[in-house]
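K.L.:
build me a model:
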Amino acid sequence: MRDDLRTATKALPELAVVDTDISHLLRSWFSRGFLVLRPVNWDSPASLLQKIIEYEAVHMIHSWDDLRRRLQSADRRCFAFFHPAMPDEPLIFVEVALTCSIPGNVDALLAPDRTPLKLVDADTAVFYSISNCQRGLAGISFGNLLIKQVLADLTAQLPGLRTYVTFSPILGLSDWLDEVVLDLVDDTALRQAAAHYLVLARRGDLPRDPVARFHIGNGATIHDVHAGADTSPSGIAQSRGAMVNYLYDPDRIARNLEELAAGRIAATRAVQSLARQVQLPEHIP
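P.N.:
Predicted coordinates:
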């Protein structure tokens, strides 16, 4: 019903007040106390696996074989939040790759011919795809809760893990590059531009990029940016193939949030240095 309401509100703005009331009600119904975290694997019901394929919003799942590679290998995990009133409908899910060190290329991470990693060699958990499933719950965020719960569960299950990062798209980068008319001569220039966009392009005190706003708002650190990391059509269209790692360090989350409250975005020195290499006209934010 809310999905239909949000569509109708575009033509009838006066319905916005109804949407506000329903949103408030849904936030109560879908509060953390009601959410159930469940692993999704290759042995999950076929009906659920089909929904994972349909709802995947970051890296398209092209076939059942593609899904099997993401779920069946010992070095891959998938977790989803469910609600008791909708036990067969995922609300949001995250796909995780267990790796040795932080990767710089999602194409290699998802390659059909990759060699699975032995769990004893894994020291890094990479959150490479987070997908919201229910359009009627837009604006009701579960991502922060999901990441924190999965991080805690993985730490308990796999004590050898030391690093928790995302491998995230930079959704607004291409549009921003068109706006500022930057001439990107090579991959280094792309990394510099991406770093500048993530650290210095703002919407108020928050990052302009929507994915950055989410992770920085959760206390993550911009750890590194990569050129040529996603060569899929969507990756090229939205970010010229660049991607970013956001680091979730439990010892720094509270400090990062304090820094954000003061208008400072947490980023490694390497990323800050890259960001400063870009010179924009004075009228460009």
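K.L.:
please enumerate the strands of the protein.
P.N.:
36-39, 76-82, 92-99, 124-132, 163-166, 168-169, 202-203, 206-207, 221-226, 243-247 (DSSP state E).
K.L.:
out of those strands, flag the one nearest residue 116.
P.N.:
strand 76-82 (8.0 Å; Cβ to Cβ). (Glycine included, C-beta is placed from N, CA and C.)
K.L.:
quick one: residue 78 from residue 221, how far?
P.N.:
Going from residue 78 to residue 221 by Cβ to Cβ, to the nearest Å gives 25 Å.
K.L.:
show the end-to-end separation of stretch 176-185, please.
P.N.:
17 Å (Cα to Cα, to the nearest Å).
K.L.:
please state the offset of it from the chain centre?
P.N.:
24 Å (Cα atoms, centre = their mean, to the nearest Å).
K.L.:
mind listing what the closest residue to residue 51 other than its chain neighbours touches?
P.N.:
Spatial nearest neighbour of residue 51, excluding adjacent residues (Cβ to Cβ, 6 or more residues apart in numbering): residue 90 at 6.2 Å. By Cβ atoms under 8 Å, 6 or more residues apart in numbering, the contact list for residue 90 reads 40, 48, 51, 52, 55, 80, 81, 82, 133.
K.L.:
tell me the most packed of those, by neighbour count.
P.N.:
Within the contacts of residue 90, residue 80 tops the neighbour count with 27 neighbours, counted by other Cβ atoms under 10 Å.
K.L.:
I'd say that one and residue 38 touch.
P.N.:
Yes: Residue 80 sits in contact with residue 38 when judged by Cβ atoms under 8 Å, with a separation of 5.9 Å.
K.L.:
how far away is residue 266 from residue 181?
P.N.:
Counting by Cβ to Cβ - residue 266 and residue 181 are separated by 29 Å.
K.L.:
looking at these two, which one has more neighbours?
P.N.:
The neighbour count for residue 266 versus residue 181, taken as other Cβ under 10 Å, is higher for residue 266 (25 against 9).
K.L.:
please tell me the pLDDT value assigned to the residue nearest to residue 51.
P.N.:
Note for residue 90: predicted pLDDT of 97.
K.L.:
what does residue 142 give?
P.N.:
So, for residue 142, pLDDT stands at 87.
K.L.:
just give the nearest non-adjacent residue to it, would you?
P.N.:
residue 92 (4.5 Å).
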